[in-house]
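Visitor: What follows is a predicted protein model with its sequence.
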Amino acid sequence: MNPSFNITTENTPLNKPNLFITAGKQGMSFIQLDTESNTFISVLVYHFAKHLTAAAVAEEINNIVSAENLSQQHFKKIFVTWCFDENVLVPHEYFDAGSSKEMLELVHGDLMQGAVQNELVTTHNLHTVYKIPAAVKNIFNNHFPFCIQSHQSSSLINFEKNNKDLLYCNFYPEHLTVLLRKNGQLQIIQQYEYASPEDAVYHLLNVCQSFETDAAKTILTVSGMIDTDSSLYSELYKYFQAVNCADLPADFNYAEEIKSHPKHYFSHLFAIASCVL
C-alpha cells in the first residue's frame, strides 16, 4: 500500500537517529529524530481502511515493514507505541498482573487473541494494561526484537500535563482518540470509530456529558487528519467554545519539509515521541 505522507529531508544525520513507530488498527507511522541536532527529519504515515480484522491489520503491517527501507536500517533506539483499542488504565492498588487478561476481556470481550502487556506509569501510579494481536506481536519480534514498547494511553496521560482542564482529540481517517482531563485529574482516554462529522461530535459530546463538562465552555484541542476548512471542523465549532489546532512540541527542531505541512497533522506523533524519551 502507498503511504498517505512520506516526508524526508536530504540532510543525512552523521550518527544513527532514533526511530519512533506507532501502530494500531487505524494505521502505522514512522518518524526519525536526529539526536545530535534534536531535529525530526522524516515522517512516514500509512492509514488503514476501516473495520479491518486483526488478521488484516497484521497483514498490512507485515507488508509495510517488509517493504520499507526504514525497517532495514540501523537506529540508535527504536520506540514502538501501540494504538490498539483494547486497553484499560488500572490504579496501582487494584492492579494484579495475574488477572490482566480477565480485566481486559471484562471491558473489551475475548474475540481478539493476542499478547497481554502492562506497564506502570509511575507519575500517575497507574498501570496500562493492553492487548496486541498475536500476529502483529510476532512481526515486531522478528523485525524489531530490541524495540522499547509502550501504549499510547501511557504517553497521552502526560500530554500538555500543565493544562489542568483539557479536552483533546486526535483524528485519523474514520478513527479518533479522545483525552479529557478535569481539575488536573484524568477522566478518560478512549478511541472511537466514526463515519461522519456528526458521529465524531456525538462521541465528544458524550464524553463531556459523561464527565459533567460543559462543551459550550470548553476549548477543544485537535490534531491529526482534520482541516480547518472541513465540514468536520465546522461541525465541532458549533458545539465547543473554541477549536484549537495542536502545535508542534517546542522541545525539538523540525526539518523544513515537515514544517511546510500544517503543524497539527503530525503534532501527536512528535508529542508521543517526547513522552517516551
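Guide: It's in.

Visitor: now the helices: where do they sit in the chain?
Guide: For the chain, helices defined by DSSP state H occupy the ranges 54-67, 100-108, 134-143, 152-156, 197-210, 231-237, 256-259, 267-276.

Visitor: For residue 113, which residues are in contact?
Guide: 54, 133-134 (C-beta atoms under 8 Å, 6 or more residues apart in numbering). C-betas here are computed from N, CA, C, even on glycine.

Visitor: Please indicate which of those residues are buried?
Guide: 54, 133 (16 or more other C-beta atoms under 10 Å).

Visitor: Check the gap between residue 6 and residue 35 for me.
Guide: 22 Å (C-beta to C-beta, to the nearest Å).

Visitor: follow-up on the earlier one: which one of the helices of the chain has the most crowded surroundings?
Guide: By mean neighbour count, with neighbours taken as mean count of other C-beta atoms under 10 Å, helix 152-156 ranks first of the helices of the chain at a mean of 24.

Visitor: Give me the contacts around that helix.
Guide: Contacts of helix 152-156 (C-beta under 8 Å, 6+ apart): 22, 24, 81-83, 87, 89, 119, 121, 128, 130, 168, 177, 179, 189, 271-272, 275-276.

Visitor: can you rerun that using 10 Å?
Guide: 22-24, 79, 81-84, 87-89, 118-121, 124, 126-130, 159, 168, 170, 177-179, 181, 186, 189-191, 268, 271-276 (C-beta atoms under 10 Å, 6 or more residues apart in numbering).

Visitor: Same question for stretch 88-102.
Guide: So stretch 88-102 is in contact with 103-104, 106-108, 110, 114-118, 120-122, 124-131, 151, 153-154, 157, 186, 188-189, going by C-beta under 10 Å, 6+ apart.

Visitor: Would you mind saying which of the helices of the chain lies nearest residue 219?
Guide: Closest to residue 219 of these is helix 231-237 (C-beta to C-beta; 11.2 Å).

Visitor: tally of neighbours for the nearest residue to residue 123 once chain neighbours are set aside?
Guide: In this structure, residue 123 finds its nearest non-sequential neighbour in residue 158, 6.9 Å apart by C-beta to C-beta, 6 or more residues apart in numbering. Per other C-beta atoms under 10 Å, the neighbour tally for residue 158 reads 17.

Visitor: Make TSV out of the helices of the chain and add distance to residue 243 and mean pLDDT.
Guide: Formatted as TSV, the helices of the chain follow (distance: least, C-beta to C-beta, whole Å; pLDDT from 0 to 100):
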stretch	distance to residue 243	mean pLDDT
helix 54-67	30	94
helix 100-108	30	92
helix 134-143	33	94
helix 152-156	19	93
helix 197-210	10	97
helix 231-237	5	96
helix 256-259	22	95
helix 267-276	14	94
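
Visitor: got TSV for these, with distance to residue 42 too?
Guide: Shown next, in TSV, are these (distance: least, C-beta to C-beta, whole Å):
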stretch	distance to residue 42
helix 54-67	15
helix 100-108	34
helix 134-143	18
helix 152-156	20
helix 197-210	29
helix 231-237	27
helix 256-259	8
helix 267-276	11
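
Visitor: Of those, which is nearest residue 223?
Guide: helix 267-276 (4.5 Å).

Visitor: ok, now which ones touch the nearest residue to residue 74 once chain neighbours are set aside?
Guide: With C-beta to C-beta, 6+ apart as the criterion, residue 74 has its nearest non-adjacent residue at 5.7 Å, and that residue is residue 16. Counting by C-beta under 10 Å, 6+ apart, residue 16 touches 32, 34-36, 73-77.

Visitor: How much space separates residue 16 from residue 73?
Guide: Distance from residue 16 to residue 73, by C-beta to C-beta: 8 Å.
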